[in-house]
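Visitor: 3D, please:
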Amino acid sequence: MKASELKKKTDEELKNELMSLLRSHFNLRIRHATQQLENVSQLRNVRRDIARVKTELNQRVRMS
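Guide: All right, here's what the predicted structure looks like:
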């Protein structure tokens, strides 16, 4: 997910995206703990996507 894609979304869409990413991160952590996760780099990618969404939301709050 690119930052330019996030800028095109509304606040509500970003909040929904954040909740989806947080659920995904939780599921990946559980799979990693039970040795069922094959591609560990997914964890890093999801964490970075969460950070991107949070950054965009915080920037919008500061701008208004």
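
Visitor: Secondary structure element for Gln36, which one?
Guide: Here Gln36, judged by DSSP states H and E, is contained in no helix and no strand.

Visitor: and it, how many neighbours?
Guide: Using other CB atoms under 10 Å, Gln36 has 9 other residues around it. Using the backbone N, CA and C atoms, a C-beta is placed for each residue, glycine as well.

Visitor: for the residue most central in space within the chain, what are its contacts?
Guide: In the chain, the C-alpha nearest the mean C-alpha coordinate belongs to Ile50, at 2.6 Å (CA atoms, centre = their mean). For Ile50, the contacting residues are 18, 21-22, 25, taking CB atoms under 8 Å, 6 or more residues apart in numbering as the criterion.

Visitor: what about this protein, any weak spots by pLDDT?
Guide: Applying pLDDT under 70 to the chain flags no residue at all.

Visitor: what about the strands in it?
Guide: Under the criterion DSSP state E, the chain contains no strands.

Visitor: mind listing the helices for it?
Guide: Counting by DSSP state H, the chain has helices at residues 3-7, 11-33, 41-63.

Visitor: roughly how far apart are Gln42 and Ser24?
Guide: Shown here: Gln42 relative to Ser24, a distance of 9 Å by CB to CB, to the nearest Å.

Visitor: what's the answer for Leu6, then?
Guide: 16 Å.

Visitor: do Ile30 as well
Guide: Ile30 is 11 Å from Ser24, where distance means CB to CB.
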